[in-house]
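# Need coordinates for the following:
(one chain, ligands or ions: 1)
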Amino acid sequence: MSCLRLILADQLNAGHSWFRHVDDGVVYVMMEVRSETDYVRHHAQKVLGLFAAMRRFGEALTKVGHRVEYLRLGDPRNRHSLAANLPWLIEQFDARRLERMEADEWRVEQVLDEAFTASGLANAVVSTEHFLLERADAVARFATKVPRMEYFYRDLRRRHHILLEADGSPCGGQWNYDALNREKWLGDPVAPPWPWRKHDLRALWTEIEAAGITTLGEPSAASFGWPLSRLEAQAWLEDFVTHRLKHFGRFQDALSKHSSTLFHAGLSFALNTKMLHPREVIDAAIRAFESGGVDLAATEGFVRQILGWREYVRGIYWARMPGYAELNALDATRPLPSWYWTANTRMACLHAAIRQSLDYGHAHHIQRLMVTGNFALLGGCDPDEVDRWYLGIYIDAFEWVELPNTRGMSQFADGGIVGSKPYAASASYIHRQSDHCQGCHYNHARRHGERACPLNSLYWHFHQRHRDVLGRNPRLAMSYRSWDRMKAAERAATLAQAERYLAHIEEL
Ligand code: FAD
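Numbering: from 1, shown residues only. Take a look at the predicted model:
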């Protein structure tokens, strides 16, 4: 008689209370299944990284004495879905009880809920012990009214005593140092490279190919860079805190063709698979601040991403699913151009962001929001397609975090739940924040005419075609005033240029 405990690919939390004691009556079950590799077309490195990290986690549990049943991709017993494998596993281990952690994705939660109920066995669902706000708490907070991120974040800082003075006021007198975090990066200070590992995952890649799994992007299996264990993730965190955190805030919004990673952490894969706990990441940053190596603005800017944004989007997701995945407030229907899968576009900023996504399964936040996301928004691309692209291409993409960021923050398809206005930008934003416009095929300063940057005419076309919805938004009043002040001929030429570009979107 035994209890089966299910561990999913994004539940590699070695610190979970499940693992505190070895119990011979408990069998930990881990599975590499096609239902998870095939629900969207994933980046090759995402499939490799998840399976390789799962295998290491299973081995580590076995080493300390836990019983682990690990189903590999090619195991003939594997029925390739979480639900289809459970009945025979129950029989094999004479299981009388099933346990699992809360799944972070709504889709998986439904599947497991049904499978557990269908088994007829006693069962329990426990917390992942990963987030700083339990899921039920998050749902309760977001159920009726979505608070603005800033107030949600301040509340969590108070609740967890993070960056506070003894009297409960914010450290340094301010809650937010965002205004200091908008510098362009011109190469100084030098952006240290990320501490890429060199894992040889060729054997695993052969298994993935043999199974016929369709992926996108470069596998880089001979020299796989992402951390695959808790120890490696901790070393990556240490490297970030020592070398990049001090400049994280200042250059958080920068874009550059000379560095694809700038001063970003690169910790999202380790965090989202739960190899790292958000609290330990926050504590590491605060220790660096307290020892004098990092200033308050950089530390606060970083803490806000983890304690603020990461927990915030999860709350929105769980409070608003499943309806959230259907929202399309701007009625966008255009297919995403095929160059999102090849990087074959002459727009330098888009080429760089997409090329890097295909090569590494990663792009930083401003590339996702203000480059690839901005183009899809201005072009009126279907949010279902946009979601599928983001969910597939990034190594850190799990729906609970991908969906509110993509459909909400980036595409405004939620009509303003995540952000109070669309993140729409013309070429002047890209020019101000980056060095991509120098040498680009297109001219960032032109709205229409030969080689005019498509972002300019599309920006105005976007505002014009959504005037009935967006024209009432006070935060966009200035944009509409600028448009209305333009000469009629200028407006007409700009809109005509946008129409031409939209008709030939594949050739941009
Ligand atoms: P850094 O810039 O160094 O930030 C540090 C950490 O803060 C990140 O590791 C992440 O855990 C957290 N963080 C920062 N911004 C956000 C945010 N907006 N939402 C949630 N957490 C945040 N992040 C994902 O983890 N998975 C996704 O699938 C994902 N999809 C996105 C899609 C779009 C359209 C946009 C605009 C953003 C998306 N993000 C996503 C958020 C963010 O871009 C990534 O977390 C970040 O780029 C990861 O790289 P990093 O670890 O170097 O982050």
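# and the residue nearest to Pro227 when sequence neighbours are not counted, how many residues sit next to it?
Ranked by CB to CB, 6 or more residues apart in numbering and with sequence neighbours excluded, the top spatial neighbour of Pro227 is Ala233, at 4.4 Å. For glycine as for every other residue, the C-beta is placed from the backbone atoms N, C-alpha and C. The burial metric for Ala233, expressed as a neighbour count using other CB atoms under 10 Å, is 24.
# any bit of the longest helix along the chain sitting next to the ligand?
In the chain, ranked by residue count with DSSP state H as the criterion, the top helix is helix 44-63. No - using CB under 6 Å from any ligand atom, helix 44-63 never reaches the ligand; the gap is at least 10.2 Å.
# which other helices and strands contact that helix?
In terms of contacts (3 or more CB pairs under 8 Å, 6 or more residues apart in numbering; DSSP states H and E), helix 44-63 is packed against strand 26-31, strand 67-71, helix 202-210.
# For these, give me TSV that also has distance to the ligand.
TSV is the format used below for those (distance: least, CB to the nearest ligand atom, whole Å):
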stretch	distance to the ligand
strand 26-31	22
strand 67-71	26
helix 202-210	21
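# most neighbours per residue, which of these?
Stretch with highest mean neighbour count among the helices and strands packed on helix 44-63: strand 26-31 (a mean of 21; mean count of other CB atoms under 10 Å).
# how much does that one deviate in direction from helix 44-63?
Relative orientation of strand 26-31 and helix 44-63, computed by axes from the mean of the first three to the mean of the last three CA atoms, to 10 degrees: 160 degrees.
# Quick check: residues of the chain near the ligand?
Proximity of the chain to the ligand is confined to 264-268, 271-272, 305-306, 309-310, 313, 364-365, 368-369, 373, 390, 394, 396-397, 401-402, 405-406, 409-410 under the rule CB under 6 Å from any ligand atom.
# Drop anything exposed from those.
By the neighbour-count criterion of 16 or more other CB atoms under 10 Å, the residues of the chain next to the ligand include these buried positions: 264-268, 271-272, 305-306, 309-310, 313, 364-365, 368-369, 373, 390, 394, 396-397, 401-402, 405-406, 409-410.
# who's in contact with the residue of the stretch 1-150 of the chain found nearest the ligand?
For the stretch 1-150 of the chain, the residue positioned closest to the ligand under CB to the nearest ligand atom is Met149, at a distance of 9.2 Å. Going by CB atoms under 8 Å, 6 or more residues apart in numbering, Met149 touches Gly308, Trp309, Tyr312.
# Dump the residues you listed into JSON lines; add pLDDT and secondary structure as well.
Conversion of those to JSON lines gives the following (pLDDT from 0 to 100; DSSP: H, G, I helix; E, B strand; the rest coil):
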{"residue": "Gly308", "pLDDT": "97", "secondary structure": "helix"}
{"residue": "Trp309", "pLDDT": "97", "secondary structure": "helix"}
{"residue": "Tyr312", "pLDDT": "97", "secondary structure": "helix"}
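# Please report phi then psi for Ala452.
Comment: the main-chain dihedrals of Ala452 come out as phi -60, psi 140, following degrees, to the nearest 10.
# Go ahead and confirm it touches Arg446.
Yes - counting by CB atoms under 8 Å, Arg446 is a contact partner of Ala452 at 3.7 Å.
# Look up phi and psi at Glu129.
Glu129 has phi and psi values of phi 60, psi 30 when expressed as degrees, to the nearest 10.
# Distance of the residue nearest to Pro227 relative to Ser127?
Distance, Ala233 to Ser127, by CB to CB, to the nearest Å: 21 Å.
# Report the contact partners of the closest residue to Trp339 other than its chain neighbours.
Distances taken as CB to CB, 6+ apart put Thr345 closest to Trp339, at 4.5 Å, once the chain neighbours are dropped. When contacts are counted by CB under 8 Å, 6+ apart, Thr345 is found next to Pro337, Trp339, His351, Ile354, Leu508.
# And the helices in the stretch 401-508 of the chain, which stretches?
All helices of the stretch 401-508 of the chain, identified by DSSP state H, counting those that start in this stretch, fall at 427-433, 454-465, 467-470, 477-485, 488-503.
# again but with the stretch 101-250 of the chain, I slipped
Counting by DSSP H, counting those that start in this stretch, one finds helices in the stretch 101-250 of the chain at the ranges 106-119, 135-142, 149-160, 202-210, 230-243, 245-248.
# Much appreciated, bye for now.
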